[in-house]
Each structure stands twice: as C-alpha cells, then as structure tokens.
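In: next one to model:
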Amino acid sequence: MIRILQKRFALSRQGAVDLIKGCLACVVQDISFMLPVGLLYFLVIDMMNGGVNGQRTAFYGIGIVICLAVIFIAAWFQYNATYLATYVESGVRRVTLAEKLRKIPLSFFGKKDLADLTNSIMGDCATLETAFSHYVPALAGSIISTTFISLCLFAYDWRMALAAVWVLPVAFAITLFSARIQEYFNRKSVTANVALEKGVQECIETLQDLKANNAEKRYLKGLYKKIDDVEKRHIITELGTALFVVSATLILKFGIATVALTGSVLLIRGEIDIPLFFMFLLVASRLYAPLEGALQNLAAVISTRTNINRMNEILDHPVQGGSSSLTNKGYDIVFDHVGFAYNMGETVLEDVSFTAKQGEVTALVGPSGGGKTTVSRLAARFWDVSKGKITVGGMDISEIDPEALLSLYSIVFQDVTLFNNTIMENIRIGRKDATDEEVLVAAQMANCEEFAGKLPDGYNSMIGENGCELSGGERQRISIARAFLKNAPVILLDEATASLDVENETLIQSALSRLIKDKTVLVIAHRMRTVSGADKVVVLSGGKVAEQGTPGILMEKGEIYPHMVKLQMLSQKWSI
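Out: Below you'll find the model as predicted:
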C-alpha cells in the first residue's frame, strides 16, 4: 500500500504513511459528526413518548458536551495528520526533486528548460500540497465513513438504506467518467502556464536586447497573448470539471427524495415507525452534505495526475551511478573510439580517439559545432558516451560516481555562473572548507584584487544575481580563482580568457601557467595564439578527429589547422 501511494502521488515513504494517517483521521472526524444525529434521534423518541424529564435532560446535556469534545479531538488530530504533515512532506518533496536533479545526467536538461523545471518544483509541489491537505484525506475519509454508515443503515432496514445510498455509486461514476477529459484539460492548462513562465523569464533576461532593437511592444504583444491563453485554459478546465461535478451533485439530491418517498410508502403500510423514518431522513441529509465536497475533491485529485506525472518524470529518471572509490593511476585522459548523440539519430561525435597526457596541455580546436565543448563535457562525465570508452589514469569514468570523479577536475567555463553572494564566498565554491587566507591567495593568483579593492567592502562585497555588478572579465577571473583554489590534477578550460582585455589576459595566462604544471590540461581554444603553446592539438570537425599532433607538425602537414591560423591572422589585420 505504501509503495503504491509513493508511486501514485510522488510521495516519500514517510509522506505515504502520513497520508494514510490523515485519511484515517478524516474517517474518525466524519463519523464523529454523526454523533449529534444519534443524540437528536433519541431526543425525538423521548419527545414522542411524553417529553424529557430532569434525568434525561442531564443525559442530553452530558451527551452534547461529549459530542463537542469528541468532535474537537477528532478535528485536532485531523488537522495535524493532514495539514501539518502535508507541509512537512511538501518540503521533503522539493528537496527530493532538487537532489534528484543534482544526480540526473545533464542530457536531461537539454530537453527541459528552466521555466519547466521551476514549475515542477514550485507549481506542481504547491498543487500537490493543496491536494494532500484538502482533497485526498477528505475524499478518503468521506468514502470510508459513508461506507461504514451505509452498512449501519442496512442493519436497520435494507429498503430504506437502498433508497438512501443508490445515488452514491451513480454520482461517483459520473465524476470518474470525466477523468480523461479532466486530465486533457489540465495538461493544456499546465502547458499554457509553462509557456507563460518561459515568456516572462525570457522577457526579463532579454530586456536589454529588446530595448536596443525597439522590439518591446512586439514581444509584449506575444506575451499578452500567452496570458490570455492561460486565462482561457483555466476557464475551460473549471467549466469542464464543473459540468460533471454539478451533474453528480444533482444526482445526490434525488437521494433525499427517494428516502422520503420510500419511507412514506412503508410508513403507510405500517412496515416502519415514525422514529425510524425520521432517523433515515436525518441521516440522509447529513450523509449527502460531505459527499458533495467529496465529489469536488475527487475531481481535484483526478486533475493532479498531470502534475504527478511531471514530477515522476524527474523522480523516475535514471541517475549516473558508480563507485565512489577512485582507482586511477595517474591522470592521462584517453578517448577510445568514443561516439555520442544527445538525441537518437543525431550523431554529435563519431569514433573520437586521442590521449591528453598528464603534464601536457592538449588543445581542442576546430570549426563551430565540431564537438569541442561536447568532448570536454564527456571527459568530466556530464553526459555518458553512446559508444566507446573514456578513461582517466586507466579508470573507466562510466563506472565512477560523478561527484567522486569531479573531485579530480577543476573546470573553467566560458559562460561563468556566479551566486548573489560576496566575492569571497563565490571563490570559496571551489573548495568549501578553504580558509579566508587560501581564498585570498587564489584570488590574487587570478588577479581579482584589481577590481575587488575598488569595491566598498572589498572581497566581502555582494556582486548581485549572477555577478551582475561585475564586468564579464571580472566574472571570469572569479571563475579562474575557483580553479586555483580547488587545485585539482585535471583542468578543463573552455576559452578561459575570452572575456579578458589584453593586459589581464597576459596576467591570467601567466597564472594559468603556474596552475597547470604537472597536470592534465584540456583546453578549448578559439584564439590560435592560445594554442601555439600547447603540447598537442586535436582538431575536431564534423564530430570526428580530423587532425592531431603538435602545433608545429600540424602547420606543416595539416589542412584545417593552418587554414584556421591564417584566417585569424587576417582577421587581426581588419580595422574600421
């Protein structure tokens, strides 16, 4: 049962246990609401038998107090078992999703965008939070308590009981019949929501370019259309749900009519007495009230399937596993007939073989789209290869846990990601247990003091979201400082000096020369002067190794490499 609930509602084990507790608490609460009905039934009998004496008055007084106490205690347990437990589970679910995303291969993110994933973690979790606090336990409680009360009614008189409960399966069948329709409408609503979130996010991120090209009005026109689509979809979804829920609710109303009609016939025949007739009318009126809410809850639970499926898509996605024990001997990186494709039928790399030796700088060059960045990402196991094998020091990286493997790597990306924190803490990302002195040494090696000293709080200055307070070159120097701080034996550089001016580029290259000593260095380069000092050059074109060797040999015997060098020399002569 617990495993089924975990899968069906994307719950943790404790969340599934808490859901069962919440359902049972709702059952107890719903049954406790029937206690006043029983008390009222006995009061009517006493009134019909000559009135209520002093002793019976005390009985009813104590009965009222007991009913209130039982209802209060049941409601207290119900609140704790549903609302409070749900809020805890909601936090657990968000953390679980985040942890799962941390372990999922990066290939997954190529098929998802930030707005979609954010909607899953925030929007879908919020939807399920509401469902598990308001809908699921109340629905289960209503169904179980109604079944129990119905069986009790059959014990009194099966004809009257049948007249009271025949509407229940009919009403639920109508609501369940709408499941596919509701799922369809809800999928459309979620799709519209995600499209709107993408549009808003894109608008904020590209506002500078929109202004520069006078494209604001045109873009906002499309954004307004997405807002209208969301409104339209929500209205259609609500109407589609209401059509079935209202129809089912109307069926419930017939229950009281059939109870009254059946009871009247049996009363005239003398087959039941007035108190029993009154009791069935009283119970029927109380029985249908919570079921109207139950039908709405059932429709709401059905509509959450889309949200649950989106979350399960993340939770069920295979992760990159492996041993946490490193068995490498040295740090040579070997690509052995490697093939790779992001999607089926789209080959990115084909039969790539080369060796990046420890103590040497291996440069990856070639036309755009040739596979240079893909090769560097595969070397760090950001993705798993489709064919062949990659080893580090003879160790197959596909058999090593990604986090353990990345302890061997210092990586400097061309697109730097910074956090809304201080310069000091952004550099400390390279090694979280580093002391302030160690961070400052790494910062000085990356020439960060030049701009940090100009800020009001120095290295303790906040740099804004993704380092928006800094220039591109300053942001890149912080990224390089992280690599200095981590000081790993394997270094991956993706055009590490692309955003630097000539003066700072010279300083950083001098610092990088100290960093890469005796290490395995794989560098993606577009500037040929960066490549000229490399020990080995691997030219990638069309996803294949077109040429490889030292820069000197390739200038003599190569075709693509000399051509790239000549083109860059020509571009340097260009002037306005």
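In: phi and psi next, for P318.
Out: Main-chain torsions, P318, degrees, to the nearest 10: phi -60, psi 140.
In: part of a strand, is L349?
Out: Yes: per DSSP: H, G, I helix; E, B strand; the rest coil, L349 lies within a strand segment.
In: what about it, distance to W383?
Out: Distance of L349 to W383, given as C-beta to C-beta, to the nearest Å: 10 Å. Every C-beta, even on glycine, is put in place using the N, C-alpha and C of the backbone.
In: equivalent analysis for A488, please.
Out: A488 is 20 Å from W383, by C-beta to C-beta.
In: re earlier: what's the overlap in contacts for L349 and W383?
Out: Common neighbours of L349 and W383, counting by C-beta atoms under 8 Å, 6 or more residues apart in numbering, are F340, T374.
In: looking at the two, which is more packed in?
Out: Neighbours were counted for L349 and for W383 using other C-beta atoms under 10 Å; L349 has more, 24 against 19.
In: residues touching the more buried one, list them.
Out: L349 makes contacts with V338, G339, F340, A341, G371, T374, V375, L378, G543, K544, as judged by C-beta under 8 Å, 6+ apart.
In: is it correct that L515 is in contact with G430?
Out: No: L515 is beyond contact range of G430, at 11.8 Å (criterion: C-beta atoms under 8 Å).
In: shared neighbours of the two, anything?
Out: Shared contacts of L515 and G430, defined by C-beta under 8 Å, 6+ apart, comprise S410, A483, F484.
In: take the residues you listed and write them to JSON lines, including neighbour count.
Out: Compiled in JSON lines, these are given as follows (neighbours: other C-beta atoms under 10 Å):
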{"residue": "S410", "neighbour count": "24"}
{"residue": "A483", "neighbour count": "26"}
{"residue": "F484", "neighbour count": "25"}
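In: restricted to strands, list these.
Out: Among these, the members found in strands (DSSP state E) are S410.
In: ok, so of the shared contacts of L515 and G430, who is nearest R269?
Out: For the shared contacts of L515 and G430, the minimum distance to R269 (C-beta to C-beta) is 91.9 Å, reached by S410.
In: and the closest one, what's its pLDDT?
Out: Per-residue confidence at S410 stands at 90 (pLDDT).
In: residue contacts, it?
Out: Listed by C-beta under 8 Å, 6+ apart, the contact set of S410 reads G430, R482, A483, K486, N487, A488, V490, I491, L492, L515.
In: filter those to the buried ones?
Out: Burial by neighbour count, judged by 16 or more other C-beta atoms under 10 Å, picks out G430, R482, A483, K486, A488, V490, I491, L492, L515 from the contacts of S410.
In: by pLDDT, rank the residues you listed and give me the bottom one.
Out: Out of those, that is L515, at 73.
In: where are the low-confidence patches of the stretch 201-350 of the chain?
Out: Applying pLDDT under 70 to the stretch 201-350 of the chain picks out residues 344-345.
In: show me the helices in it, by range?
Out: Along the stretch 201-350 of the chain, counting by DSSP state H, counting those that start in this stretch, helices occupy 207-212, 216-269, 274-303, 305-315.
In: of all the ones you listed, which one is nearest E559?
Out: Closest approach to E559 among the helices of the stretch 201-350 of the chain (C-beta to C-beta): helix 207-212, 38.0 Å.
In: just checking the distance from that closest one to the centre of its chain.
Out: Its chain's C-alpha centre and that of helix 207-212 lie 30 Å apart, by C-alpha atoms, centre = their mean, to the nearest Å.
In: okay, now the closest residue to V301 other than its chain neighbours: neighbour count?
Out: Distances taken as C-beta to C-beta, 6 or more residues apart in numbering place Y135 nearest to V301, at 5.2 Å, with adjacent residues excluded. Here the number of neighbours of Y135 (other C-beta under 10 Å) works out to 23.
In: got the contact list for Y135?
Out: Counting by C-beta under 8 Å, 6+ apart, Y135 has contacts N297, A300, V301, T304.
In: of these, closest to T355?
Out: If you rank these by distance to T355 using C-beta to C-beta, T304 comes first, at 52.6 Å.
In: wait, the closest one sits on A131?
Out: Yes: in this structure T304 lies within contact range of A131 using C-beta under 8 Å: 4.9 Å.
In: okay, the spatially most central residue of the chain: pLDDT?
Out: When C-alpha atoms, centre = their mean is applied to the chain, the residue found nearest the centroid is I121 (3.5 Å). Predicted confidence (pLDDT) for I121: 80.
In: for Y41, same thing?
Out: Y41 carries a pLDDT value of 72.
In: I'd like the distance between the residue nearest to it when sequence neighbours are not counted and I144.
Out: Of all residues not flanking Y41 in the chain, M279 sits nearest, at 4.9 Å (C-beta to C-beta, 6+ apart). In this structure, M279 and I144 are 22 Å apart, going by C-beta to C-beta.
In: quick one, which of the two is more surrounded?
Out: Set M279 next to I144 and count neighbours by other C-beta under 10 Å: M279 wins out with 24 against 17.
In: run a quick neighbour tally on the residue lying closest to T118 once chain neighbours are set aside.
Out: Counting by C-beta to C-beta, 6+ apart, the nearest residue to T118 once its immediate chain neighbours are dropped is E197, at 7.0 Å. When counting by other C-beta under 10 Å, one arrives at 20 neighbours for E197.
In: next, the angle from the helix or strand hosting E197 to helix 216-269.
Out: Per DSSP states H and E, E197 falls inside helix 179-205. Helix 179-205 runs at 150 degrees relative to helix 216-269, counting by axes from the mean of the first three to the mean of the last three C-alpha atoms, to 10 degrees.
In: list the buried ones in helix 179-205?
Out: Going by neighbour count (16+ other C-beta under 10 Å), the buried part of helix 179-205 is 179, 182-183, 185-190, 192-199, 202.
In: so which elements touch it?
Out: Applying 3 or more C-beta pairs under 8 Å, 6 or more residues apart in numbering; DSSP states H and E, we find helix 179-205 packed against helix 114-118, helix 216-269, helix 274-303, helix 305-315.
In: which residues touch the helix or strand following the first one?
Out: To tie it back to what came earlier, the one meant is helix 114-118. Under the assignment DSSP H and E, the closest C-terminal helix or strand after helix 114-118 is helix 125-130. Residues from elsewhere that reach helix 125-130 (C-beta under 8 Å, 6+ apart): 9-10, 86-87, 89-90, 93-94, 97, 304, 307-308, 311.
In: kind regards, and thank you for your time.
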